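>>> one predicted model, sequence on top.
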Amino acid sequence: MRKHILSMIRSKRFTLRPWWHVYLKYFSEVGHVTKRFNLWDSRLTQLFQGRRRRRLAKTIPALSAAQNHLLQELNSNGFCRTTLETLGIDHAVLSYLKQLSKPYENMTFDQVKASNPGKAKYYWTKMNRDWKADQVIYDTLAKNKFLLDLLSKYFEEIPYFNSFEYMYSPPFPAGRPFEGSQNWHRDNNQRKFIKIFFSPFPLTRKEGPPQILPARLSTDKYYTGYPRYMTDEELFATGINPDDQLFLTGEPGTIYLVDTARCLHCGSRSSAGRHQAIVTFNSTDRYASRSSIKREYARLAEPVNQAMMEMYEKSL
Ligand SMILES: O=C(O)CCC(=O)C(=O)O
Ligand SMILES: [Fe+2]
């Protein structure tokens, strides 16, 4: 039923009536009332953990100049760009991603579409793989001190490692590049939500890289209707200039940190296949409801989160 309502909102098969505006503003997944309730619910369930995470974050010594630079960018723009080298991570991690890519390398739009039955529109595919092998990602990225110190200052607590996903977006049929795009949205069912984007292959405009708008242009003034997505026409009609969008292109080894709760984004407008690794972190204070937290991810992430906490407790 809820899925049905959401898909109706997404497809705009009806015009929004006044009571829908009330629903969206107050009681929807990102409504004021729902958010406030979930925030308090998360505080109750994380009472001790949350406090411990905030306390530990305060014990982190001053950041390096390189970390501070990235933190400032992240705070003011909602995103920043860096490299594996800056994080002290060997490019060997990219070989692991290339290995994951192999079965998907030549997958066509129709094959991806057929493997996503029931999906109305989003034809990118999440790779099916042996989760245990992802250890290399956990060890290099999720436990990376340079990154975690920086994120802890951003979140004002030791952040919660949420997931590692690897996605393939196929080349979309000529003239229909938007077929696989979720279109513009913010992941604002979270208060702060960091997504780290990188790829083992060069990402150019052709591959349909993530596209974002800086935080100052992503406010409620331009976008309110989550989970509705905005087309380019709708977005640019609000006064946003197409030149303000950024395409997260780069060579392998380029990393983007984006707060997708704050920054409007879209992507997968691919005319060549796109391989995209996404590592996510969130705060313990959450807007998302308990039930929407993906259990499978939480279970996989648990040992990583424990290791992260031990790292900080040991250094006290
Ligand atoms: O296909 C894309 O790049 C968009 C993905 C997205 O919205 C997200 O990762 O939050
Ligand atoms: Fe998103």
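Noted; the coordinates are in hand. Residues are numbered from 1 along each chain as shown. Ligands and ions are numbered 1, 2, ... in the order given.
>>> could you give the number of residues near the residue nearest to residue 218 when sequence neighbours are not counted?
Computed as Cβ to Cβ, 6 or more residues apart in numbering, the closest residue to residue 218 that is not its neighbour in sequence is residue 264, at 4.1 Å. C-beta here means a position set from N, CA and C on the backbone, and glycine is covered the same way. If you count neighbours by other Cβ atoms under 10 Å, residue 264 ends up with 26.
>>> go on, residue 238?
Other residues close to residue 238 by other Cβ under 10 Å number 11.
>>> could you measure from it over to ligand 1?
19 Å (Cβ to the nearest ligand atom, to the nearest Å).
>>> now do the contacts for that residue.
With contact set as Cβ atoms under 8 Å, 6 or more residues apart in numbering, residue 238 has these partners: 221-222.
>>> tell me the pLDDT of it.
With respect to pLDDT, residue 238 scores 89.
>>> what secondary structure does the closest residue to residue 88 other than its chain neighbours sit in?
Nearest in space to residue 88, with sequence neighbours left out and distances taken as Cβ to Cβ, 6+ apart, is residue 146 at 6.1 Å. When classified by DSSP: H, G, I helix; E, B strand; the rest coil, residue 146 comes out as helix.
>>> where's the residue lying closest to residue 148 once chain neighbours are set aside, which helix or strand?
Distance criterion Cβ to Cβ, 6+ apart; nearest residue to residue 148, sequence neighbours excluded, is residue 308 at 6.5 Å. Assigning secondary structure by DSSP states H and E places residue 308 in helix 295-314.
>>> can you tell me if that helix touches ligand 1.
No: judged by Cβ under 6 Å from any ligand atom, helix 295-314 stays clear of ligand 1, getting no closer than 13.8 Å.
>>> what is the mean pLDDT for that helix?
86.
>>> next one: the residue most central in space within the chain from residue 162, what distance?
The residue lying closest to the centre of the chain (Cα atoms, centre = their mean) is residue 195, at 3.6 Å. Residue 195 sits 9 Å away from residue 162, going by Cβ to Cβ, to the nearest Å.
>>> how about residue 56, what does it touch?
152, 157-158, 309, 312-313, 316.
>>> what's the most distant pair in those?
For those, the farthest-apart pair by Cβ to Cβ is 157 and 316; their separation is 15.3 Å.
>>> of the two, give the one with the bigger neighbour count.
Set residue 157 next to residue 316 and count neighbours by other Cβ under 10 Å: residue 157 wins out with 23 against 7.
>>> quick check: that one touching residue 282?
No: look at residue 157 against residue 282 with Cβ atoms under 8 Å: they stay out of range, at 10.5 Å.
>>> show me the strands in the stretch 151-300 of the chain, by range?
Taking DSSP state E, counting those that start in this stretch as the criterion, the stretch 151-300 of the chain contains strands spanning 160-169, 193-198, 211-212, 246-247, 254-259, 265-266, 274-282.
>>> residue 147 is in contact with residue 141, correct?
Yes: applying Cβ under 8 Å as the test, residue 141 and residue 147 come out as touching, 6.7 Å apart.
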